[in-house]
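Visitor: Everything below, folded, please.
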Amino acid sequence: MRLDRFIANLPHLNRQQARQLLAEGRLRVDGQVVRDARHEVREFSRVELDDDVLQVGKPARYFMLHKPAGCVSATRDAEHRTVLDLLDEPDKHELHIGGRLDYNTTGLLLITNDGQWSRRMTLPGRKLPKVYYVETEDPIEERYIATFEQGLYFAFEDLTTLPAQLQILDTHAARLTLHEGRYHQVKRMFGHFQNKVTRLHRESMGSLQLDPTLQPGEYRALTAQEIAELG
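Guide: Residues are numbered from 1 along each chain as shown. Here you go, the predicted structure:
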């Protein structure tokens, strides 16, 4: 919400008074004097008028989780354990997942209460690179590289995938970099060659690498630098 609208919505102030307070430099957001009426006020923002606190602002929370196999990327599920069940945090109902992983896919998962931050990560135009370690049932052939780079047509969505980079590591192992997140995308890409994915593990999203000290099911808070770089 714009700052002038936030102020005008208070019971004892109106839009004209809000403009006057802004011009006089009496409003602070997160400790900084703000004079721009268009300045965005979020639920995490601390807003002050002189010595009065108009909004305390709740803390924004950002976590990386080493997702294990056998749990769903959901906030609740009637049948299965969810990734939120792995967190020992208050007010877990406020948290949501940024970039889901399939039930048996492991690796880096981001959990936050900051909806704008997580949406920026998944915007199609951003093309945030996501790196996966893949193991397959049959050998991975060199011809996969060019096909993945050209893009594959997915009839169900009537689209062609963005160029993806495949690095063959061993006969049945590779590292794949995607720049989008389609439904079961990795499995469908290898399925183009009738090659079943037997293991899938997300190693990174953008500049953020899964912390190697985290065991499956463990998590930690992101640092301020990690939040800024990824968001």
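
Visitor: center of this structure, which residue is that?
Guide: Among the residues of the chain, the one closest to the centroid is Gly98, at 3.0 Å (Cα atoms, centre = their mean).

Visitor: Okay, and the beta partners of that one?
Guide: Leu110 (DSSP bridges).

Visitor: give the contact list for it.
Guide: Leu110, Ile111, Thr112, Trp117, Ser118, Met121, Thr122 (Cβ atoms under 8 Å, 6 or more residues apart in numbering). To be clear about C-beta, it is placed using only N, CA and C from the backbone, and glycine gets the same treatment.

Visitor: so what pLDDT did it get?
Guide: Note on Gly98: pLDDT of 87.

Visitor: Same check on Asp52?
Guide: 93.

Visitor: and if you look at Arg120?
Guide: pLDDT, Arg120: 82.

Visitor: What is the distance between stretch 97-107 and the centre of its chain?
Guide: Put simply, stretch 97-107 sits 11 Å off its chain's centre (Cα atoms, centre = their mean, to the nearest Å).

Visitor: and it, how far apart are its ends?
Guide: Its start and end residues considered, stretch 97-107 measures 13 Å (Cα to Cα, to the nearest Å).

Visitor: go on, stretch 32-41?
Guide: Span of stretch 32-41 from end to end, Cα to Cα: 12 Å.

Visitor: And that stretch, what's buried?
Guide: The neighbour-count check on stretch 32-41 (16 or more other Cβ atoms under 10 Å) flags Val34, Ala37, His39, Val41 as buried.

Visitor: Please identify which pair of those lies farthest apart.
Guide: Spanning the widest gap among these are Ala37 and Val41, at 10.9 Å by Cβ to Cβ.

Visitor: quick one: the residue nearest to the centre of the chain from Met64, how far?
Guide: Plainly put, Gly98 is 10 Å away from Met64 if you go by Cβ to Cβ, to the nearest Å.

Visitor: do Arg175 as well
Guide: 19 Å.

Visitor: These two: which is more packed in?
Guide: Just comparing Arg175 and Met64: by other Cβ atoms under 10 Å the higher neighbour count belongs to Met64, 24 against 15.
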